[in-house]
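*Asks:* I'll drop the sequence and a predicted model, then ask my questions.
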Amino acid sequence: MVRPVADSRLGLDLRPAWRRIPRAVWVLGGVSLFMDMSSELVHAILPVYLTGVLGLSVLAVGLIEGIAEATASMLKVVSGFVSDRVARRKPLALLGYGLAALTKPVFPLAESAIGVVTARFVDRIGKGIRGAPRDAIVADVTPVALRDAAYGLRQGLDTVGAFLGPLLAMVFLWLWAGDMRAVLWVAVVPAMIAVALLAFGVDEPAATVIEPASARPSRPDWTSLWAGVRELPASFRHLLVLAALFALARLSEAFLVLRAQQDGLALVWIPLVLIVMSVTYSLVSYPAGAYAPRLGRRTLLAASLLVLAAAQAALAWLPGSAGLWLGVVLYGLHMGLSQGGLAAAVAEQAPPELRATAFGLFHFVTGLFQLVGAALAGWLWTRYGSAVAFASGAIWSLLAMSALAITRTTHAPAPQP
């Protein structure tokens, strides 16, 4: 029996949500999949490489990760503003992905910590340029009622790459007897595939054409950036406060890798940490987005914070492999329940002509407080041990839950028949 996909009398589309998501979102998901495969392959072994081979401290790794992510987030404000001012999304997204792809050969070629750290920063610059325009494309091409599902789908595909990358790292570390420099070369191939997919598989969405080309300035008016930010509604600013608390609570994945190293996990198995986290993340992202209109976006975000607090508690106080793997799984569950919903909330709160700017500001605040959280956790780890560092994350999770209870900016739109 063939299930009807539409009722012509009522004008209803009865297909499941994943079949109604626009093709461009699927392609952007594929772009994210391959680029994250590349980046997470590098990230799976980079903390160990920096501490074990190049001799950097855990505090230094925390600062490097935090500053790198904050740099990316600051650039997202600028790229989002430029995208809105010139009414174009794809060129900036392509520039960002292309720059990230060009940095991948630098990791195995670098001869010192300076070279590796520089490559990490340039890679994050590429991320900063591409993030806001890409997220704005998803909102531009997707109907309002499908946005939670669309962001969940893109994030889910992104996270497939996030576990395939560490899986490749683990396989090649085993095949090549722990030669980390050789394994880093593998990251070049998926990065190039991601750029090709974006270049040839995504058209510039018509929805981003805000005003005629003749009416637009030939270059962005940089003095109006903050004027544009001030035009965003007060409810969006409340959402930024919530995003800051989420970022403080969620420690960098680098600390999960370092926790595994602290427990004596062999080098070849360390990428399994990110694989387990990312598989959980990927499996949860799309269902969370698809059911957000029914369950409530606020409910899912609150559940994600409760799960994150439990993850941090397990990592802090449950010793050995039991605490590590329980914490990693719960961490992935938190990510799957929260990230698509936060992105959909940004798209909902921002007017279309300021959508990329709003995403840039959201990512900037997130990155800034990730820097603060990473630096604080790195200092606590170095001074008092890993248990205190993870315990601080649990405390921030509970504070974020308190903020979520009083905000009114995270409701998902009601489902359409």
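*Replies:* Sure thing, it's come through.
*Asks:* and Trp379, what helix or strand is that in?
*Replies:* According to DSSP states H and E, Trp379 maps onto helix 355-384.
*Asks:* what comes up buried for that helix?
*Replies:* Within helix 355-384, the residues that qualify as buried are 355-371, 373-381, counting by 16 or more other C-beta atoms under 10 Å. For the C-beta atoms, the positions are set from N, CA and C on the backbone; glycine is no exception.
*Asks:* identify all contacting residues around the helix or strand following it.
*Replies:* Once the chain leaves helix 355-384, the next helix or strand it forms, by DSSP H and E, is helix 386-406. Helix 386-406 is contacted by residues 241-242, 245-246, 248-251, 255, 258-259, 262, 298, 301-302, 305-306, 308-309, 312-313, 315-317, 327, 373, 376-378, 380-381, 410 when judged by C-beta atoms under 8 Å, 6 or more residues apart in numbering.
*Asks:* likewise for stretch 237-247?
*Replies:* By C-beta under 8 Å, 6+ apart, stretch 237-247 touches 305, 338, 342, 345-346, 349, 361-362, 365-370, 373, 396, 399-400, 403-404, 407-410.
*Asks:* now do stretch 57-64
*Replies:* Contact with stretch 57-64 is made by 47, 50-51, 56, 117, 120, 252, 254-255, 258, 374-375, 377-379, 381-382, as judged by C-beta under 8 Å, 6+ apart.
*Asks:* just say helix, strand or coil for Gly55.
*Replies:* Secondary structure assignment for Gly55 (DSSP: H, G, I helix; E, B strand; the rest coil): coil.
*Asks:* look up the closest residue to it, ignoring the ones flanking it.
*Replies:* Ala113 (8.0 Å; C-beta to C-beta, 6 or more residues apart in numbering).
*Asks:* gap between Val346 and Phe81?
*Replies:* 15 Å (C-beta to C-beta, to the nearest Å).
*Asks:* repeat for Gly360
*Replies:* From Gly360 to Phe81 the distance is 6 Å (C-beta to C-beta).
*Asks:* pLDDT value on Ser214, please?
*Replies:* Here the pLDDT value assigned to Ser214 is 41.
*Asks:* oh, that last question was meant for Pro91, not what I typed.
*Replies:* 86.
*Asks:* and if you look at the one 3 residues further on?
*Replies:* The model reports Leu94 with a pLDDT of 92.
*Asks:* quick one on the thing from earlier: what about Val346 and Phe81, which has more around it?
*Replies:* A direct count of neighbours by other C-beta atoms under 10 Å for Val346 and Phe81 places Val346 higher, at 27 against 24.
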